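1. Sequence plus the predicted model coming up.
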Amino acid sequence: MSNILTASTSWFIACSTADVPENGGVCVKYKNTQIALFNFTRRGEWYATQNLCPHRMQMALSRGMIGSQQGEPKIACPFHKNTFSLIDGRCLSGSDCDSLTIYPVKTEDGLVYIGVPAEEYAIAF
């Protein structure tokens, strides 16, 4: 089962582009869900994942370090260093971690939008 959102998408304004540090991340709360938002300036790309690290169930991924592994963008948990693909959420560390939920991101007129399912929002992590 894929953790990438594929249902009809509804977009919400997460923040302004200036609110997210270059090559860094922030936590955005949407309803009862924490979403990690990343401005990967070196790649000219934006990514969003669940903020919950599936290894020890800590809300920490927005504070992790972004980088690339064989050309694929990734996030490393700041506590346990497990790494996850920012493309599809799979664990790249070789451990038994669950995959991350990935959210679509777009920017328009200096604002960052994150896509969530248009129907009732209920994602189990």
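-> All right, it came through fine. Source: prediction; values computed, not measured.
2. ok, residue 96 to residue 39 distance?
-> To residue 39, residue 96 is 30 Å away according to Cβ to Cβ, to the nearest Å. Yep, even glycine has a C-beta here, placed from its N, CA and C like the rest.
3. out of the two, which sits in the more crowded spot?
-> Between residue 96 and residue 39, residue 39 has the larger neighbour count (other Cβ atoms under 10 Å), namely 24 against 9.
4. next one: stretch 112-120 to chain centre, how far?
-> Stretch 112-120 has its C-alpha centroid displaced from the chain centroid by 13 Å (Cα atoms, centre = their mean, to the nearest Å).
5. List the strands paired with the helix or strand bottoming out on mean pLDDT in the chain, with their directions.
-> Every helix and strand in the chain was compared by mean pLDDT, DSSP states H and E; the lowest is strand 58-59, with a mean of 92. Under the criterion DSSP bridges, strand 58-59 sits next to strand 52-53 (antiparallel) in its sheet.
6. Touching the strand it pairs with from outside, list them.
-> Strand 52-53 has contacts (Cβ atoms under 8 Å, 6 or more residues apart in numbering) with 34, 58, 59, 60, 61, 77, 79, 80, 82, 125.
7. So which one of those is the model least confident about?
-> Minimum pLDDT for the contacts of strand 52-53 is recorded at residue 125 (42).
8. where do the strands sit along this structure?
-> 9-16, 24-30, 33-40, 45-50, 52-53, 58-59, 65-69, 72-76, 83-85, 102-103, 105-108, 111-117 (DSSP state E).
9. who does the fourth one pair up with?
-> The sheet places strand 45-50 alongside strand 33-40 (antiparallel), strand 102-103 (antiparallel), with pairing taken from DSSP bridges.
10. Serialize the ones you listed to CSV and add fields for distance to residue 88.
-> CSV is the format used below for those (distance: least, Cβ to Cβ, whole Å):
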stretch, distance to residue 88
strand 33-40, 15
strand 102-103, 6
